[in-house]
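Student: Sequence first, predicted model second:
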Amino acid sequence: MPRIVPTTPAALRACGVTACSHLYELAADIRAPRLLRTWITARLAGWHLHGLSDDLTLIATELATNAVRHGGTPARITLALRNPGTGPRVVRLEVEDSGPGFDPRSRTHPVRVESCTGRGLLLVDTLSSAWGARPTVTGQLVWAELSA
């Protein structure tokens, strides 16, 4: 069962997040990413951004599956709404795990059409307005953004 960080105002301040930022602890279980889709759909509904649900849940599933499959550790998911009151709104998804990480520029071979694997980051690249990866103290953080 995922651990969802409480979203009361006091708990949010203690976590250093706001009502426009939510945290989700993903278990190191290959079945866990499907639970993430429901959580993301509910967060987007709370922000009245239903139209992003299909793309963002697919992106989240791909990144969470990679974290669980290749990292082999629990992952921390952050979903944040940027510029909620002013300017163009952007939803940012971050998936952080303590696995070995990867360099997204190192993918030199094309994904074969008949392949059942290897398309995840291609989907993330296609559906997001921006994405990337960076090392952290304990592993790696992969992020993707969608314009609202």
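Tutor: It's in.
Student: From here on, just use CA atoms for contacts and neighbour counts.
Tutor: Fine.
Student: so where's the protein shaky on pLDDT?
Tutor: Applying pLDDT under 70 to the chain flags the ranges 1-19, 84-85, 101-118.
Student: What are the boundaries of the helices in it?
Tutor: Along the chain, counting by DSSP state H, helices occupy 9-15, 32-46, 53-66, 120-127.
Student: and among those helices, the most buried is which?
Tutor: helix 53-66 (a mean of 21; mean count of other C-alpha atoms under 10 Å).
Student: follow-up on the earlier one: could you redo the helices of the chain as CSV and give each row distance to Leu81?
Tutor: Listed next are the helices of the chain as CSV, based on distance: least, C-alpha to C-alpha, whole Å:
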stretch, distance to Leu81
helix 9-15, 14
helix 32-46, 9
helix 53-66, 13
helix 120-127, 17
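Student: And the ones you listed: which comes nearest Glu96?
Tutor: Counting by C-alpha to C-alpha, Glu96 lies closest to helix 53-66 out of these; the figure is 8.9 Å.
Student: quick one: contacts of that closest one?
Tutor: For helix 53-66, contacts defined as C-alpha atoms under 8 Å, 6 or more residues apart in numbering pick out 26, 30, 33-34, 36-37, 40-41, 44, 75, 93, 95, 120-121, 123-124, 127-128, 142, 144, 146.
Student: what do you get if the cut-off is 6 Å, keeping everything else the same?
Tutor: Outside helix 53-66, the residues within contact range by C-alpha atoms under 6 Å, 6 or more residues apart in numbering are Pro33, Arg37, Thr41, Gly120, Val124.
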